[in-house]
Each structure stands twice: as structure tokens, then as C-alpha cells.
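Trainee: only geometry, no sequence info:
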DNA sequence: ATCAGATGGTTGACACTGTCTACTTTTTGT
DNA sequence: ACAAAAAGTAGACAGTGTCAACCATCTGAT
């Protein structure tokens, strides 16, 4: 009486979908392959035919998240204006984090499975980072500031850190204890982008 | 043959110390009361005399971390110059995160035990936040900008987000996959503080 | 058409975890 | 001195990941 439901590769996708539901409602630490099996009406070993371990299903979820994240970052307009492109990518970054808080937290907020053992996940992660890094590099090139290369890399990291900070803020459980008004955290992204933009304009003044 | 080692309240502290070691080497998800017991040469139930559950020992660790964090934030100089004080507090924030990455990650990077069920932890967290918030409020007052109150709160959140982003950067496991040069991440804090400072100076220009 | 092998299921077992209950020993306040 | 509280012990149970062995179905080559 094998394969009572969800046969073939469908089970693989069904496992991922169910895992996302579990993580969303109960947190990543509550994710268990046995619970997935139970919900799918399947034996507790069935998922192991598709994922070598609990970490492997998590790594696959993270990989898909990085791919979707990269697609969002890369989906914006590619005008000739590096300043505008960077701004658009920053918006895209925050938009993804807002629309997919679960995936964002998995990518940046929880300890990942050992990247060396999950090369696909690592590859997707690097691709997403490369998009952000290239965009910021283009800004540095276009404004033609004669800054040391190290300074440019530091600015790339600075922008990324600021975006990450703003994206993390609503998700940091510590923030939940503060009882801030609802709208404030949403207004933070626009406000912070302006502040960060003024810092960047000071370092890379728009060309006349 | 009760109490073969570490009797009395000593066991409580020994549990916390051992828990920190385990979290440091194996990650927070590997923390188990039984492993603590084993290492301390004590029965698997002994810790339950001091902590009601696994979450309670974690909440106590987080509470101590918030207290130490607040002490670091509050330990800086209290000059009359709000701008200098804020800068010092920012440095203190990053210094703590660098010196105690484990505790910082526990406070801001991992899902906390339900704060409502651990009021001591929540109280310490609020105290630490209040210090940062007050300092930023003083800056707004001192420079006397006629900004809407909401704007000031947003700037407080912006500064906090930026600090958190820079502090998180070296800890985000995703960063580990990028293979950045060693010194860069350390230089990021100073560089980012300058950039953030220029943004804040633009919004709250130093009084003549 | 058949039949070997891969694929995707199954059950069973083991060691590990948190936590409940019940028991014993020690410390302590009056 | 002694009863009560505090701090330890052991045992049991359900939950978990994962290893091993087994069974059913699909598929491709002969």
C-alpha cells in the first residue's frame, strides 16, 4: 500500500510547502520531519527519500528564498542613472523583506545550515549579494569619486547594513516588547532611506 | 547521596555558565538541560530545581545579557554635548556587540522566549532600549530642531536600525559565505558611524 | 513482453530530548 | 529538636532525527 497520497516529486514540493506553514505558525525550531509526514498523511520516513536530513530541507527552503530575493532585487528598472537604480534596489530589498518576513528571517536572522555542506544554498546566496554589490559599485563608478577601492567596498557594506537593520527592525522580537505605534515601523523604511540617501549623496555628490 | 557536587545556588550559576559554553560551541538549538546536567555531573532533573523549563534558563541568560548591554550603554561619558554622548553610546553599542557576539545574537538575532511569560527579561530589554532612546531624544532637544515628534522617533529608530545592521553584519551567517577580507568588517563600524553621523548632522545641524 | 533496477514508499528500532511524578536527603527557621 | 522547605535522585512517557531492512511500483533495455 505504498504511496497513498502525494506520489512522486509532488511529495517533495508538498514537504516544502508544509514546512513553510509550520515555520510560519510555530517557528523554525518547531519544524520536524515527522510533523510534516503526519500532516501529509505519509510515513515518518517518506520525506527522507527527498531530503537527506532536516538541515537539507531547510537549506532548500533558504535556497529558494535567496533565488526569489535575487529576482526581486533584479526586477527593478535598469536606467542609466546609478543613483536611481540603487534607490530602486534598496526599495526592492525592503519590499521583499516586508512581503516575505519568514523567508527574510530564514536567510539573515537564523543560523543557516553549514553552507559548505549545502553548496546550492550558498551559490544562490552569493548571487543575491552580487546583485546588490554590483549596483553599488556602479554608483561609485558613475559618480567618479576618486575614493580608495576599500572605501567603496565599505560603503557597499554600509548600505547593506543599513538596509538589513531597517528590514530586521520589525522582525526583531525584542522590538515587540516596546509597544510602538503600528504605523511607525512602516514609516521607518521611507524615512531611513532618505537619511541614508543624504549620507550617500554627501560622499558621492551627484554630478552637475 | 544528594548533592554530589555544586550544591545550592551554585548549581544555578553553574548551569548558566555551562549553558553559555554549549551555546557558544554548538549553537543555541543544541542547548539541552540534560547535556548541562551531564557536564556538571548531576542528575538530569537537578536543573529543574532552578529553572522551570528550558525556556526559563534561556530567558535568564537573555536577561543578564540585556543588563550587561545596558550597563555598557550607560557606562560612557555624560557630557553636556548630546551629539558627543550619542556618538559615544553608538560606539558602546557596537563595542558590546563585538565583545559579546553570543549575547548580542541571543538578544536580537534569535527568537526570544515569549516575553509575556518572562517579565524579568522583558523589563531588562526595555531598560536597555530606554537608554538609547533617551540619548537620541536629548540630541533632538538640544539642537532644537522644530521637527515633528514623529520625526524624532523615526530618527531614533533609524539610528538604532543602522547600529543593529552594522552589529549584525559580522554575525549574519550569510556574510560568512562571501569571503570578505578579514579587516573589512571591523573597519565597517567606524566607516558606517561616520556615514550615519553625516546623515544625522544634516538633519540636526550642530548649533553655532 | 519480461524482468532487473531505480524510485518512493513502508515499518521497526535506537538514542536523544523535555518534562511529569514520586522519592530521598540535606538545610534551615523556630 | 524537629517540621518544613529546598535541592538533589530515579523512573517513565511522548516527542524527535535517523539508521536499517523491507515492499510496491514505475521504467528502460533486452
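Mentor: On my side now, so go ahead. Note that this is a predicted model, so its numbers are computed, not measured.
Trainee: all helices of chain A, in order?
Mentor: If DSSP state H is used as the criterion, the helices of chain A fall at A:9-26, A:33-40, A:54-74, A:82-99, A:101-104, A:119-143, A:149-168, A:173-176, A:182-203.
Trainee: Can you say which of these is packed in most?
Mentor: For the helices of chain A, ranked by mean neighbour count under the definition mean count of other C-beta atoms under 10 Å in any protein chain shown, the leader is helix A:149-168 at a mean of 23. For glycine as for every other residue, the C-beta is placed from the backbone atoms N, C-alpha and C.
Trainee: Pull the contacting residues for the closest residue to residue A:78 other than its chain neighbours.
Mentor: Residue nearest to residue A:78 in three dimensions, not counting chain neighbours: residue A:85, with 6.4 Å by C-beta to C-beta, 6 or more residues apart in numbering or on different chains. Contact analysis of residue A:85 by C-beta atoms under 8 Å, 6 or more residues apart in numbering or on different chains lists A:76-79, A:135, A:138-139.
Trainee: cool, residue A:28 as well?
Mentor: With contact taken as C-beta under 8 Å, 6+ apart, residue A:28 is in contact with A:58, A:106, A:110, B:111.
Trainee: change it to 6 Å
Mentor: Residues in contact with residue A:28, defined by C-beta atoms under 6 Å, 6 or more residues apart in numbering or on different chains, are residue A:110.
Trainee: Residue A:104 too?
Mentor: residue A:97.
Trainee: State the distance from it to residue A:146.
Mentor: Counting by C-beta to C-beta, to the nearest Å, the gap between residue A:104 and residue A:146 amounts to 36 Å.
Trainee: list the contacts for residue A:170?
Mentor: Shown here is residue A:170, whose contacts under the criterion C-beta under 6 Å, 6+ apart are residue A:185.
Trainee: Got the phi and psi for it?
Mentor: Backbone dihedrals for residue A:170, given as degrees, to the nearest 10, come out at phi -70, psi -20.
Trainee: How about the residue of chain A found nearest DNA strand C, nearest residue that isn't a chain neighbour?
Mentor: Minimum separation of chain A from DNA strand C (C-beta to the nearest atom of the strand) falls at residue A:43, amounting to 2.8 Å. The shortest distance from residue A:43 to any non-neighbouring residue, by C-beta to C-beta, 6+ apart, is to residue A:37 (6.2 Å).
Trainee: How about residue A:58?
Mentor: Nearest to residue A:58 is residue A:113, by C-beta to C-beta, 6+ apart, at 5.6 Å.
Trainee: any idea how far that neighbour is from residue A:62?
Mentor: When distance is defined by C-beta to C-beta, residue A:113 is 8 Å away from residue A:62.
Trainee: ok, now how distant is the residue of chain A closest to DNA strand C from residue A:33?
Mentor: For residue A:43 relative to residue A:33 (C-beta to C-beta), the value is 11 Å.
Trainee: any residues touching the one helix or strand in chain A whose mean pLDDT sits lowest, and which ones?
Mentor: Using mean pLDDT, DSSP states H and E, the weakest-scoring helix or strand in chain A turns out to be helix A:173-176, at a mean of 76. Residues outside helix A:173-176 that contact it (C-beta under 6 Å, 6+ apart): A:169, B:108, B:111-112, B:125.
Trainee: Scan those residues and report the most crowded one.
Mentor: Counting by other C-beta atoms under 10 Å in any protein chain shown, residue B:125 has the largest number of neighbours within the contacts of helix A:173-176, with 28 neighbours.
Trainee: got a list of what the residue nearest to that residue when sequence neighbours are not counted touches?
Mentor: Closest residue to residue B:125 in three dimensions, ignoring its sequence neighbours and counting by C-beta to C-beta, 6+ apart: residue B:66, at 4.9 Å. By C-beta under 6 Å, 6+ apart, residue B:66 lies in contact with B:124-125, B:128.
Trainee: Next, work out how far apart residue B:66 and residue B:129 are.
Mentor: Using C-beta to C-beta, one obtains 9 Å as the distance from residue B:66 to residue B:129.
Trainee: same thing with residue A:142?
Mentor: Residue A:142 sits 39 Å away from residue B:129, taking C-beta to C-beta as the criterion.
Trainee: low-confidence ranges in chain A?
Mentor: Filtered on pLDDT under 70, chain A yields the residue ranges A:1-9, A:208.
Trainee: what about 80?
Mentor: For chain A, the stretches with pLDDT under 80 are A:1-9, A:145-149, A:173-179, A:207-208.
Trainee: Get me the contact residues on it for chain B.
Mentor: By the criterion of C-beta under 6 Å from any C-beta of the partner chain, the positions of chain A lying close to chain B are A:27, A:108, A:111-112, A:115, A:122, A:125, A:129, A:154, A:157-158, A:161-162, A:164-166, A:169, A:172-174, A:177-178, A:188, A:191-192, A:195, A:198-199, A:202.
Trainee: which residue is nearest the centroid of chain A?
Mentor: Note on chain A: the residue nearest the mean C-alpha position is residue A:104, at 3.9 Å, using C-alpha atoms, centre = their mean.
Trainee: Number of residues surrounding the residue of chain A found nearest DNA strand D?
Mentor: Proximity to DNA strand D, evaluated over chain A using C-beta to the nearest atom of the strand, is greatest for residue A:32 at 3.1 Å. Here the count is done by other C-beta under 10 Å, and residue A:32 has 14 residues near it.
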